[in-house]
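> No letters, just coordinates:
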């Protein structure tokens, strides 16, 4: 088990190093931010001084080595636009994005897993048909369209929920969060539901397929023959075996929720990392874009590592094999 975790950790370090090269080189080959930062009538000498001040006159490999050396000390560069540490700008917006992503992930688990389990145990029933129809709808429906429809129905027509922004925040362990008050929950409900619908459909579909596969196994039939009740049969014999692929799916989807919530944050004016990264791309603020990519990459690597650990916890066969 320890050998497997060490191997995964070394692979994760290699992935981070390779992707740092790809992210840095890819971003620095696009455009020249100097022309957006200087005055339109700037002279050639002024442009040259600005280029030198930003370190953009160095060869690309030297720029990367300078970036990599600073990154090892936690410095991902200063924003060209705000003249502040890029990592600080990312961390200021991260709590809002993480709050939205965690809420969407919880909705996916709380709705998708129970519906998938019950529909998988009752193939052909009305619940099963509803779950399958809902999953198809959730996978195919565009996020931007769903967000606009939810705003139109629940904000414009019914007036139940706010159409955008983030509600009042409270400090929790030094982090500003909005879910501790009912007013804050009202602001997060629509964007989290928009972000969660696709994942609810995926979780439900995979849970249903896994349940149908496990329900015909011999040990489940034996448990039924012994008179085990439906609820205990589901929680004790079926759900633990179904959850192994679900953990992988939800781990990967959590990373996607963090990285690809740009559209949802834009539609609902949610002040997370999405709005910051869009503005930074338009302004060619390279340090902020690279810092965002590195932070998201580290989150993906960390989530995958946690998923590997959970695999060992949930599946004793892997622990025996590694032993």
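Here it is on my side, so go on. All values derive from a computational prediction rather than experimental measurement.

> Give me the pLDDT value at the residue nearest to residue 180 when sequence neighbours are not counted.
Nearest non-adjacent residue to residue 180, counting by CB to CB, 6 or more residues apart in numbering: residue 170, 4.6 Å away. C-beta coordinates here come from the backbone N, C-alpha and C atoms, glycine included. Turning to residue 170, the model gives it a pLDDT of 80.

> just use 150 as the starting number from now, easier for me
Okay, using 150 as the starting number, the last item reads as residue 319.

> Tell me what residue 319 is bridged to.
Taking DSSP bridges as the rule, residue 319 bridges to residue 326.

> dump the residue contacts of it.
Residues in contact with residue 319, defined by CB atoms under 8 Å, 6 or more residues apart in numbering, are 325, 326, 327, 329, 330, 333.

> now swap in residue 410 and tell me
For residue 410, the contacting residues are 246, 249, 250, 344, 419, 421, 423, by CB under 8 Å, 6+ apart.

> what's the burial count for residue 403?
Here the count is done by other CB atoms under 10 Å, and residue 403 has 22 residues near it.

> where exactly do the helices run in the stretch 350-472 of the chain?
Here the stretch 350-472 of the chain has its helices, by DSSP state H, counting those that start in this stretch, at 367-374, 379-381, 388-408, 411-416, 422-431, 435-463, 465-471.

> Show me which residues of the longest one are buried.
Right, the one you point to is helix 435-463. By 16 or more other CB atoms under 10 Å, the buried positions in helix 435-463 come out as 435-446, 448-450, 452-454, 456-457, 459-461.

> And for the third one?
Of all the residues in helix 388-408, those buried under the rule 16+ other CB under 10 Å are 388, 390-392, 395-400, 402-404, 406-408.

> returning to what we had before: the residue nearest to residue 329 and residue 340: what is the separation?
To residue 340, residue 319 is 19 Å away according to CB to CB, to the nearest Å.

> same check, this time on residue 234
Distance from residue 234 to residue 340, by CB to CB: 28 Å.

> Tell me which of these two has more neighbours.
Using other CB under 10 Å, the more surrounded residue of residue 234 and residue 340 is residue 340, with 26 against 18.

> I figured the more buried one hits residue 420, correct?
No: counting by CB atoms under 8 Å, residue 340 sits too far from residue 420 to count as a contact (11.2 Å).

> Need the residues touching each of those two.
Common neighbours of residue 340 and residue 420 (criterion: CB under 8 Å, 6+ apart): residue 414.

> was I right about residue 436 contacting residue 230?
No: applying CB under 8 Å, one finds residue 436 not in contact with residue 230, separated by 9.4 Å.

> what's the closest non-adjacent residue to residue 244?
In space, and not counting its chain neighbours, residue 244 is closest to residue 324: 5.1 Å by CB to CB, 6+ apart.

> Now, of the contacts of residue 319, which are buried?
Neighbour counting with 16+ other CB under 10 Å marks 326, 327, 333 as buried within the contacts of residue 319.
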